[in-house]
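Visitor: Structure, please.
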Amino acid sequence: MKVRHLFISPGHNFFGRQNQPAGEFPTLEVAEIECVAGRGIRGDRFFDFKQDYKGQVTFFSQEVFAAMCAELKVTDKSPGASRRNIVVEGVDLNSLVGAEFTLQGVRFHGAAECSPCHWMDAAFAPGAEKFLHSRGGLRAQILTDGILRVEK
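Guide: Coordinates of the predicted model:
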């Protein structure tokens, strides 16, 4: 599994905003992130969100992103539009639900699938929510402190 992109955001654009317009917080692509065990990614909107939160960090598949872009004819979006933190290549993220795994020396617990919501149609293109059903990513808890970096 290789890290292809890393993203953080200082605030919520979609989470908890049902029946409201989307927020306007930027999604920032960064070269590295600091993972803090039990707390999340330093500088991200879910850092210290609540104790034992299953989504301290979220993963998205580069392969799924590419397939979705091809299927929906999307050419102008970044994988950051998914609002997931870590975009990886070379792994079936659903296989990590319920498993512990290590990435660049940082240990994680795959807590649950990151189910897509209706906002995905606005973030990517109409049809994105349906396309991402059962492949929307992975919510995980951080078990050890460490730094993740984008791999070239």
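Visitor: The lowest-mean-pLDDT helix or strand in the chain packs against which elements?
Guide: Lowest mean confidence among the helices and strands of the chain (mean pLDDT, DSSP states H and E): helix 119-123, at a mean of 83. In this structure, helix 119-123 packs against helix 128-131, with contacts taken as 3 or more CB pairs under 8 Å, 6 or more residues apart in numbering; DSSP states H and E. C-beta coordinates here come from the backbone N, C-alpha and C atoms, glycine included.
Visitor: Alpha carbons of the helix or strand following the helix it packs on, as PDB, please.
Guide: With elements assigned by DSSP states H and E, the helix or strand that comes after helix 128-131 is strand 138-142. What follows is strand 138-142, C-alpha atoms only, in PDB (Å, rounded to 0.1, in the frame of the first residue of the first chain):
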ATOM      1  CA  LEU A 138     -12.200   3.200   5.300                       C
ATOM      2  CA  ARG A 139     -12.700   4.900   8.700                       C
ATOM      3  CA  ALA A 140      -9.800   4.000  11.100                       C
ATOM      4  CA  GLN A 141      -8.500   4.600  14.500                       C
ATOM      5  CA  ILE A 142      -4.900   5.600  15.100                       C
END
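Visitor: Can you name the residues in contact with strand 138-142?
Guide: With contacts defined as CB atoms under 8 Å, 6 or more residues apart in numbering, strand 138-142 is touched by 35-41, 52-59, 93-94, 96-97, 106-114.
Visitor: mind checking how far residue 151 is from residue 3?
Guide: Separation of residue 151 from residue 3 (CB to CB, to the nearest Å): 5 Å.
Visitor: more neighbours, the two?
Guide: Neighbour totals were compared for residue 151 and residue 3, and residue 3 leads with 19 against 11 (other CB atoms under 10 Å).
Visitor: Specify the beta-bridge partners of that one.
Guide: When assigned by DSSP bridges, residue 3 has beta-bridge partners residue 88.
Visitor: residues touching it, list them.
Guide: Residues near residue 3 by CB under 8 Å, 6+ apart: 86, 87, 88, 103, 104, 148, 149, 150, 151.
Visitor: I'd say the third one and residue 63 touch.
Guide: Yep, that's residue 88 we're talking about. No. Counting by CB atoms under 8 Å, residue 63 is not a contact partner of residue 88; they are 9.2 Å apart.
Visitor: Of the two, which one has the most company?
Guide: Between residue 88 and residue 63, residue 88 has the larger neighbour count (other CB under 10 Å), namely 23 against 16.
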